[in-house]
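[1] Fold the following.
(2 chains)
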Amino acid sequence: MAEMGDVEALLRSALVPVEPSEALSDRLQRGLSEITDLAVEELADWEISTMRDPRNWGPTVAAVVAGGVAAGGLVVLSARQRRRNRGSGPLRSLEHGMKEVSSDLRGRMRR
Amino acid sequence: MIESADKRRLDGEFTELYRAHLRDVYSYSYYRVGNHHDAEDLTEQTFLQAYRHFERAQRESDGRPLRPWLIRIAHNLAANYYRDRSRKPQTRLEDAAVVSAPHDTETLVAGRQELKDVLVGVSNLPDDRREALIMRFALGMDNREIARALDRSEGATKVLIHRAIKQLEQELEGTGNG
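    Below is the predicted model of the structure:
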């Protein structure tokens, strides 16, 4: 009869961590750099324009910035994913939803 | 208001999180969907979602590790993946492990029937038991982390894992392994 310890040892041997491909690591690293670069750039632009308009000085603006900057970055990655032209990916609907949210937030930032 | 310096700090911390847990997220995704193509998509989407909510997650984590939060995102995305497509894994777990040529898994599994039987057994477990075993053995998460990822109590998680191993043990007895 199998012992729990034996089964655990087998599980450790069978369910080993799987290394992602270098291509995925590179792609994600590039995407992340694009996101963070864009985020800082957009934030700087937004801060300059906002400080000129006292109507935007309210506390609610912070929430728009936090969401908008992050979502703005998503557009870059989403666009890059489209360029990969991999047909209708399994998570296409999620990506589409993210794009809509990010477009909305970017519009609010620029008002 | 979030200042540029704060944003840069957050981005730096997110980069650290990404580097520390890319393999975890990828391993989890791979064992969930059973093929590299979809595992890569799932991994990318997980980090996109994570980046979007990172500031809040960090604020609410109260200093606790964020790995369970990341894995929970992957878990939810994987659930959507199956629900939206109304499908189950196209590649069985044991086949996925065997054919994963670029990875160490192949070396470990090839020619070892008992490990294939273990993977078949894991594939046949109920979803929550299978996921708990993936988190425990492929990612090395402890009960507390798994509980947070699955939104359960630690006690319930301990029972879940115990039952998963017990069920697997019984299945392996039927195949003559163990």
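
[2] all helices for chain B, in order.
    Secondary structure of chain B (DSSP state H): helices located at B:4-33, B:36-61, B:67-85, B:93-99, B:104-109, B:113-124, B:127-133, B:143-150, B:154-175.

[3] can you redo these as CSV with mean neighbour count, mean pLDDT and distance to A:Val18?
    C-beta here means a position set from N, CA and C on the backbone, and glycine is covered the same way. Shown next, in CSV, are these (neighbours: other CB atoms under 10 Å in any protein chain shown; pLDDT from 0 to 100; distance: least, CB to CB, whole Å):
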stretch, mean neighbour count, mean pLDDT, distance to A:Val18
helix B:4-33, 20, 89, 5
helix B:36-61, 20, 91, 8
helix B:67-85, 19, 88, 13
helix B:93-99, 21, 50, 8
helix B:104-109, 17, 50, 6
helix B:113-124, 21, 88, 13
helix B:127-133, 20, 95, 15
helix B:143-150, 20, 96, 18
helix B:154-175, 17, 93, 20
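
[4] any chance of those in CSV, plus distance to A:Glu8?
    Listed next are the helices of chain B as CSV, based on distance: least, CB to CB, whole Å:
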stretch, distance to A:Glu8
helix B:4-33, 17
helix B:36-61, 25
helix B:67-85, 20
helix B:93-99, 18
helix B:104-109, 16
helix B:113-124, 10
helix B:127-133, 10
helix B:143-150, 14
helix B:154-175, 7
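
[5] so which of those helices gets nearest A:Leu10?
    helix B:113-124 (4.7 Å; CB to CB).

[6] quick one: B:Leu150 from B:Ala156, how far?
    Applying CB to CB, to the nearest Å, the value for B:Leu150 to B:Ala156 is 9 Å.

[7] Likewise for B:Glu55?
    Distance, B:Glu55 to B:Ala156, using CB to CB: 30 Å.

[8] again with B:Gln45
    In terms of CB to CB, B:Gln45 sits 28 Å off from B:Ala156.

[9] Convert stretch B:27-43 to PDB, retaining C-alpha atoms only.
    C-alpha atoms of stretch B:27-43 as PDB (Å, rounded to 0.1, in the frame of the first residue of the first chain):
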ATOM      1  CA  SER B  27       4.700  26.900 -13.900                       C
ATOM      2  CA  TYR B  28       1.200  27.300 -12.500                       C
ATOM      3  CA  SER B  29      -0.200  28.400 -15.800                       C
ATOM      4  CA  TYR B  30       1.500  25.600 -17.600                       C
ATOM      5  CA  TYR B  31       0.200  22.900 -15.300                       C
ATOM      6  CA  ARG B  32      -3.300  24.500 -15.500                       C
ATOM      7  CA  VAL B  33      -3.600  24.800 -19.300                       C
ATOM      8  CA  GLY B  34      -1.300  22.000 -20.400                       C
ATOM      9  CA  ASN B  35       0.600  23.700 -23.200                       C
ATOM     10  CA  HIS B  36       3.300  26.300 -23.600                       C
ATOM     11  CA  HIS B  37       1.400  28.600 -26.000                       C
ATOM     12  CA  ASP B  38      -1.600  29.200 -23.700                       C
ATOM     13  CA  ALA B  39       0.700  29.200 -20.600                       C
ATOM     14  CA  GLU B  40       2.600  32.100 -22.100                       C
ATOM     15  CA  ASP B  41      -0.600  34.000 -22.900                       C
ATOM     16  CA  LEU B  42      -1.800  33.400 -19.400                       C
ATOM     17  CA  THR B  43       1.500  34.500 -17.800                       C
END
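
[10] what about it, near chain A?
    Yes - part of stretch B:27-43 sits near chain A under the criterion CB under 8 Å from any CB of the partner chain, namely B:27, B:30-31, B:36, B:38-43.

[11] Give me the distance from that stretch to the chain's centre.
    Between the centre of stretch B:27-43 and the centre of its chain there are 9 Å (CA atoms, centre = their mean, to the nearest Å).

[12] Likewise for stretch B:134-151?
    That offset, for stretch B:134-151, works out to 8 Å (CA atoms, centre = their mean).

[13] Much appreciated, bye for now.
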